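> return atomic coordinates for the entry below.
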Amino acid sequence: QTTCTVLRAAEMTSFVPCLCWVPKGVSKEIPDKVQLSEGEIQRLLREAQAQLSAIDSDGEGDPKAKSAAAVDSGEEGRGSGRVPEDAASATVEEFYDLQNYDSGSDDEEKEGQSVSGAGMGNSLAGLTYFASNDEDPYITLKKVPKEDNEDEDYRVLPSDNLLVVGKAEEEFSSVEVHVYSEAEDHTYCHHEILLSSFPLALEWLDFDPEEPGRRGSYLAVGMMSPTIEVWDLDVVDGLEPVFSLKGISPGAGAKERSSKKKKKKAGKVPVANAASHRTLPSPPPSLQASASPSPTEGHSDAVLGLSWNRLVRNVLASCSADCTARVWDLAGLRSVLTLPHPDKVQCVQWHPYEPELLATGGFDSVIRLFNCKTPQDAGKTWKVDGEVERLLWNHFQPELLLACTEGKTVWCLDKDSGDIVFQIHAHTDAITDLSLSCHVPGLLATASSDDTIKFWDTHENKPVFLLSRNMHMDAVLCAKFCVDSPYSLAIGGQKNGFQILDVGRLSEVTQRFKDRGLMVPVVPVVPEPAMEGPPEGAAPGLEVDQDSDDGEEEAMEVESGASGSGRGSASGCGRGSRDELPFSAVEPKGVATKKTKKKHKP
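Numbers count the residues shown, from 1 in each chain. Sure thing, here's the model as predicted:
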């Protein structure tokens, strides 16, 4: 029987609906830690008080709502889950009486007999106190070794990947950030981010709206609420996202707009750099869904999917149960394009090398391909055998789009010809996710509600089944290959948390791919040009001159034997393009765009 080493199985009963990998070398070696000022604490107290008041007003007359709003039904104060009305005006020292923190009450002083130093009773009166460890003869370890320093526990090495895991338990939802070292076969939880709602989709990105030229490490989270939260992965113990793309709560109308909450510069609206940014146009009203009163407003229902455009760094796509897909401008923190659908939209995916192409799939069992330069034009569509669960572009054959459905089938579609290349009737239940290895051409993993992971070889578009593994999770909900490792696969399920499998130790996989070698998909590196204004109806930053000598664009170059991380890839296997973008998202007007071809080795 074939065995596969499980590098780590999360010891928790919570289930994992989504996860994503963070490339090597993009995280701060020593993350920042949040230190709140007194003003920030008072602001958080005021916001908590306002939220509780809103809950009370919404749940008036409803005993269940009232019991959920109040943690404790006792008097307001330290023993209550309710924030007193005077908490916002009082200082922290006054509210908690910190000046008398170490002094006992009169009753305690009467009951205690002789006390020593710190106000302790008779039982501790014989203890001896020293000013420092150096003076205590019984402490032989005078200084804490460097390896035990707190900073060492939070250190993220350049050779480490981060694995971000969305999890949900009965009482709360959160995102766990794990450090994964492939060389040491080891992973551990680095820190945790508490969420306001159930997580449904995770997407890593590096764009900072306040400093567009800086590369950061951020996590966009789609949840059961309409709001998309973006968290800084280089900050530990953060209490709120760095910014949010706010949706419209049911019945709230247009009162909630896209907003930004920055930990360092609170309330400051990002100002576009005149040398590299311009005001982004809104799409025509005809492109907006009828349910949305304004193009600047967000979703009105749960956010089911996210996709960051790695070529146009300030562009994020989302899809929702409100029957729309949206394109967001992260520089302006607003929705700039709305794509209406007849039913709920469950997945969305940017093309890795043609940044204007966006694929969507939803509950109507139709896969749609949009050109965001001309979104008013009808694009290609494919009717499949069930709700579309996940979409994935083949980064080694970028003309191919893979999809998995509730109908237990994997579909491979050709975006150029519109043909169905192949189908795989892969599982006995709905296929919930699929993932291609970033470095092994043809290695495909599929996950299913039948509690199995299956591996396939799709090389030369002739799929061959390799093996199946039962994961003992009741249902496997997500599976993703590591962006820097050819064989590390992270799997999340309905129970027992998540696992990281070293697929390279499976004999069937080893025998099948040992002679094929490793490859790295690479985007052609071209100079970053200036741009003219966008055509009418186009999404921001998605216009590019397609003229070339032969009318064809070189999609990628692969080289056998490469073992790098593919940092130049825009396919999601790596960080994406760095400063050599095929075009700029937002540029001054008046200068024509010219695109050149140039090959580079990985």
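> use CA for all of it now, contacts and neighbours both
Will do.
> max-length helix in this structure?
Identified as the longest helix of the chain according to DSSP state H is helix 38-58.
> got any ranges where the stretch 501-602 of the chain has weak pLDDT?
Applying pLDDT under 70 to the stretch 501-602 of the chain flags the ranges 522-572, 574-602.
> just the chain next, same as before
Applying pLDDT under 70 to the chain flags the ranges 1-13, 55-56, 58-90, 92, 102-131, 142-151, 153, 248-296, 522-572, 574-602.
> show me where it has helices.
With DSSP H as the criterion, the chain has helices spanning 38-58, 63-69, 92-96, 106-111, 150-154, 507-513.
> what about residue 152, how many residues close to it?
12 (other C-alpha atoms under 10 Å).
> I meant residue 462, not that one.
Neighbours around residue 462, by other C-alpha under 10 Å: 12.
> repeat that for residue 181.
For residue 181, using other C-alpha under 10 Å, the count is 16.
> give the bridge partners for it, please.
Judged by DSSP bridges, the bridge partners of residue 181 are residue 186.
> follow-up on the earlier one: got the CA coordinates for the longest helix of the chain in CSV?
In CSV, the C-alpha atoms belonging to helix 38-58 read as follows (Å, rounded to 0.1, in the frame of the first residue of the first chain):
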residue,chain,number,x,y,z
GLU,A,38,-4.7,55.6,24.6
GLY,A,39,-6.6,57.5,21.8
GLU,A,40,-6.9,54.3,19.7
ILE,A,41,-8.1,52.3,22.7
GLN,A,42,-10.8,55.0,23.4
ARG,A,43,-11.8,54.9,19.7
LEU,A,44,-12.2,51.1,19.8
LEU,A,45,-14.3,51.4,23.0
ARG,A,46,-16.6,53.9,21.3
GLU,A,47,-16.9,51.7,18.2
ALA,A,48,-17.7,48.7,20.3
GLN,A,49,-20.3,50.7,22.2
ALA,A,50,-21.9,51.9,19.0
GLN,A,51,-22.0,48.3,17.6
LEU,A,52,-23.7,47.0,20.8
SER,A,53,-26.2,49.9,20.6
ALA,A,54,-27.0,49.0,17.0
ILE,A,55,-27.5,45.3,18.0
ASP,A,56,-29.8,46.4,20.8
SER,A,57,-31.9,48.5,18.5
ASP,A,58,-32.0,45.8,15.8
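> for the nearest residue to residue 230 once chain neighbours are set aside, give me its contacts.
Leaving aside its sequence neighbours, residue 230 sits nearest to residue 220 (C-alpha to C-alpha, 6 or more residues apart in numbering; 4.3 Å). If a contact means C-alpha atoms under 8 Å, 6 or more residues apart in numbering, then residue 220 has 202-205, 228-231, 306 as its contacts.
> mind putting those into JSON lines with distance to residue 365?
Shown next, in JSON lines, are the contacts of residue 220 (distance: C-alpha to C-alpha, whole Å):
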{"residue": "202", "distance to residue 365": "23"}
{"residue": "203", "distance to residue 365": "24"}
{"residue": "204", "distance to residue 365": "27"}
{"residue": "205", "distance to residue 365": "29"}
{"residue": "228", "distance to residue 365": "25"}
{"residue": "229", "distance to residue 365": "28"}
{"residue": "230", "distance to residue 365": "30"}
{"residue": "231", "distance to residue 365": "32"}
{"residue": "306", "distance to residue 365": "19"}
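> tally of neighbours for the closest residue in space to residue 235 that isn't next to it in sequence?
Leaving out its chain neighbours, the residue that sits closest to residue 235 by C-alpha to C-alpha, 6+ apart is residue 32, at 4.7 Å. Neighbour count for residue 32, taken as other C-alpha under 10 Å: 15.
> can you pull the contacts of the residue nearest to residue 405 when sequence neighbours are not counted?
In this structure, residue 405 finds its nearest non-sequential neighbour in residue 388, 4.5 Å apart by C-alpha to C-alpha, 6+ apart. Shown in contact with residue 388 (C-alpha under 8 Å, 6+ apart): 346-347, 361-363, 365-367, 403-406.
> between those residues, which is nearest residue 418?
residue 367 (11.3 Å; C-alpha to C-alpha).
> the closest one contacts residue 358, correct?
No: using C-alpha atoms under 8 Å, residue 367 makes no contact with residue 358, being 10.6 Å away.
> tell me, how many residues neighbour residue 362?
The number of residues packed near residue 362 is 28, by other C-alpha under 10 Å.
> and the end-to-end length of stretch 462-473?
30 Å (C-alpha to C-alpha, to the nearest Å).
> list of residues touching it?
Looking at stretch 462-473 with C-alpha under 8 Å, 6+ apart, the contacting residues turn out to be 422, 424, 451-458, 493-497, 508-509.
> repeat the analysis, applying 6 Å as the threshold.
Outside stretch 462-473, the residues that touch it by C-alpha atoms under 6 Å, 6 or more residues apart in numbering are 451-457, 493-496.
> looking at neighbours, which among the residues you listed is most surrounded?
Neighbour max across these (other C-alpha under 10 Å) = residue 493, 27 neighbours.
> ok, and the closest non-adjacent residue to residue 224?
residue 302 is the one closest to residue 224 (C-alpha to C-alpha, 6+ apart), at 4.3 Å.
> correct me, but that neighbour touches residue 226?
Yes: Residue 302 is in contact with residue 226 according to C-alpha atoms under 6 Å; the separation is 4.9 Å.
> how much space between residue 245 and residue 471?
To residue 471, residue 245 is 36 Å away according to C-alpha to C-alpha.
> neighbour count for those two, which is higher?
Per other C-alpha under 10 Å, whichever of residue 245 and residue 471 has more neighbours is residue 245, with 25 against 19.
> how far away is the residue nearest to residue 405 from residue 306?
Distance of residue 388 to residue 306, computed by C-alpha to C-alpha: 15 Å.
> could you pull up the contacting residues of residue 486?
Counted by C-alpha under 6 Å, 6+ apart, residue 486 has contacts 437, 439.
> got it, and residue 361?
345-347, 367, 388.
> among these, name the ones in strands.
Applying DSSP state E to the contacts of residue 361, the entries found in strands are 345-347, 367, 388.
> which of those count as buried?
Among those, those classed as buried by 16 or more other C-alpha atoms under 10 Å are 345-347, 367, 388.
> in a markdown table: those residues, plus distance to residue 141.
Formatted as a markdown table, these follow (distance: C-alpha to C-alpha, whole Å):
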| residue | distance to residue 141 |
| --- | --- |
| 345 | 60 |
| 346 | 57 |
| 347 | 56 |
| 367 | 65 |
| 388 | 61 |
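> tell me which of these is nearest to residue 311?
Closest approach to residue 311 among those (C-alpha to C-alpha): residue 347, at 19.5 Å.
> wait, that closest one touches residue 303, no?
No: at 9.7 Å, residue 347 and residue 303 do not qualify as touching, with contact defined as C-alpha under 6 Å.
> residue 435 pairs with what?
With DSSP bridges as the criterion, residue 435 is bridged to residue 445.
> mind checking how far it is from residue 450?
As judged by C-alpha to C-alpha, residue 435 and residue 450 stand 17 Å apart.
> now do residue 467
With the distance defined as C-alpha to C-alpha, residue 467 ends up 15 Å from residue 450.
> neighbour-wise, which of the two wins?
Legend: neighbour count by other C-alpha under 10 Å for residue 467 and residue 450, higher for residue 450 (20 against 15).
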